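>>> Turn this into a structure:
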Amino acid sequence: MTIYTGKPVEKKDEESNVPPPEVVEEPLMGGAKKPKVLPPTPALLTIHMRRRRGNFANICVLMTALIVLATGVIGGIYLYKHMAERDLYRGRCGVGYYEYQDVGHHQRHRGVFEETVELDATYGRYEKIVVPEFEESKKATILHDFEKNITAIVDVDIGRCFVLPLNRTLVKPPRDFWDLINKLKTGYYLPDSEAVRETYVVEEPPVHNLSPFGFYIWKECRHFDTFRLRRSSLPRRPRMMVKRAISGKAEYAFSAGTPVIIEVLKTIA
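Next up, the predicted model:
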């Protein structure tokens, strides 16, 4: 036999009369006020106005930099030249010489000329001799390059430069030539030597590439037509015979220890 027991109605009623629990919200920050949220700040638009003063200032800075650079370059070049020229000797010296006038060697012609000398006495690289016009000889600049073993004769009047092999027998090196000039100053040694006359002919065409002749000859001859000279096969002629020879010649004289007179024939002998 099954007995059904019903649920008590009163207990349900009691539970339905219980009020719901209160929900209390407490802030976690200990009672602090909730921060206010500010509205977003609008982005600022910056407009750069072009100013004429800025361009002018840039130009001034650029010009100042160029002036400083140019001053440095010019100062460097001047300093280099000053340091390089400390080892150079410059001065003037007189040269006495004589030359026989006839075939019999009975009469001498004596002469004196002055020349301006520039010597690289420290390193012995070159000699530069400037001779004014006198008697039959023309004004010329003679350059002996001892590194390239070449002599250059620069004739500014006709705008030509002649190059020939350096004759070390007749041309003293810079140190020896400088020692000779010092002895001339003290009167210890006064040369009166016989002039050596040499005859050369011009070889054509002119030389366009001067770089094989070295820096010093290039510097002196770069603005002129340059020709090579070769020794002439003509026999040596006394001075009077030379004066009666053909007019198509030029004569240059110099001394680097021994007086030398070089005849340059304009026609092939």
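>>> CA only for contacts and neighbour counts going forward, please
Noted.
>>> R197 and Y100, how far apart?
Shown here: R197 relative to Y100, a distance of 11 Å by C-alpha to C-alpha, to the nearest Å.
>>> swap in T71?
If you go by C-alpha to C-alpha, the gap between T71 and Y100 works out to 58 Å.
>>> Retrieve the pLDDT associated with R168.
At R168, the model reports a pLDDT of 94.
>>> Ok, G104 next?
On the pLDDT scale, G104 is placed at 58.
>>> pLDDT weak spots in the stretch 101-250 of the chain?
101-106, 188-192, 234-248 (pLDDT under 70).
>>> same thing but 90
Filtered on pLDDT under 90, the stretch 101-250 of the chain yields the residue ranges 101-114, 121-122, 134-137, 178-195, 232-249.
>>> how about the strands in it?
Applying DSSP state E, counting those that start in this stretch to the stretch 101-250 of the chain gives strands spanning 108-120, 126-131, 140-145, 150-155, 160-165, 192-194, 196-207, 225-231, 249-255.
>>> Show me what stretch 170-184 is in contact with.
For stretch 170-184, contacts defined as C-alpha atoms under 8 Å, 6 or more residues apart in numbering pick out 89, 93, 119-122, 124-127, 146, 189-190, 255-258, 260.
>>> Which positions in that stretch come out as buried?
171-175, 177-178, 180-181 (16 or more other C-alpha atoms under 10 Å).
>>> Among those residues, which lie within helices?
Taking DSSP state H as the definition of helices, those contribute 174-175, 177-178, 180-181.
>>> from the residues you listed, which is closest to T226?
For these, the minimum distance to T226 (C-alpha to C-alpha) is 24.8 Å, reached by P174.
>>> how much space between that closest one and E147?
12 Å.
>>> Quick one: the helices in the protein, in order.
Using DSSP H, the helices found in the chain span residues 9-16, 52-85, 174-186, 215-221, 239-243.
>>> so what's V260 closest to, chain neighbours aside?
Leaving aside its sequence neighbours, V260 sits nearest to V196 (C-alpha to C-alpha, 6 or more residues apart in numbering; 4.8 Å).
>>> how many neighbours does that neighbour have?
For V196, the neighbour count with other C-alpha atoms under 10 Å is 17.
>>> what's the answer for L62, then?
As a burial measure, L62 scores 12 neighbours (other C-alpha under 10 Å).
>>> about what we covered before: mutual contacts of P174 and E147, please.
With C-alpha under 8 Å, 6+ apart as the test, P174 and E147 both reach 125-126.
>>> thinking again about what came up before, tell me which of T71 and Y100 has more neighbours.
Taking other C-alpha under 10 Å, T71 and Y100 do not tie; Y100 has more neighbours (17 against 12).
>>> measure the nearest residue to the more buried one once chain neighbours are set aside to Y252 for me?
Spatially, and ignoring its direct neighbours in sequence, Y100 is nearest to R108 (4.4 Å; C-alpha to C-alpha, 6+ apart). Taking C-alpha to C-alpha as the measure, R108 falls 20 Å from Y252.
>>> Between these two, point out the one with more neighbours.
Neighbours were counted for R108 and for Y252 using other C-alpha under 10 Å; Y252 has more, 24 against 14.
>>> So what pairs up with the more buried one in the strands?
I262 (DSSP bridges).
>>> So that it lines up with my notes, have the first residue be 31 from now on.
That works, and once the first residue is 31, the last one we named lands at Y282.
>>> can I assume it is in contact with F164?
No: counting by C-alpha atoms under 8 Å, Y282 does not reach F164; the two are 9.6 Å apart.
>>> What distance do you get for the closest residue to G244 other than its chain neighbours to G102?
The spatially closest residue to G244, leaving aside those adjacent along the chain, is K178, at 6.5 Å (C-alpha to C-alpha, 6+ apart). Distance of K178 to G102, given as C-alpha to C-alpha: 33 Å.
>>> Neighbour count for these two, which is higher?
Neighbour count, other C-alpha under 10 Å: between K178 and G102, K178 has more, with 17 against 12.
>>> correct me, but the residue nearest to G244 touches Y246?
No: here K178 does not reach Y246: they are 9.8 Å apart, not a contact under C-alpha under 8 Å.
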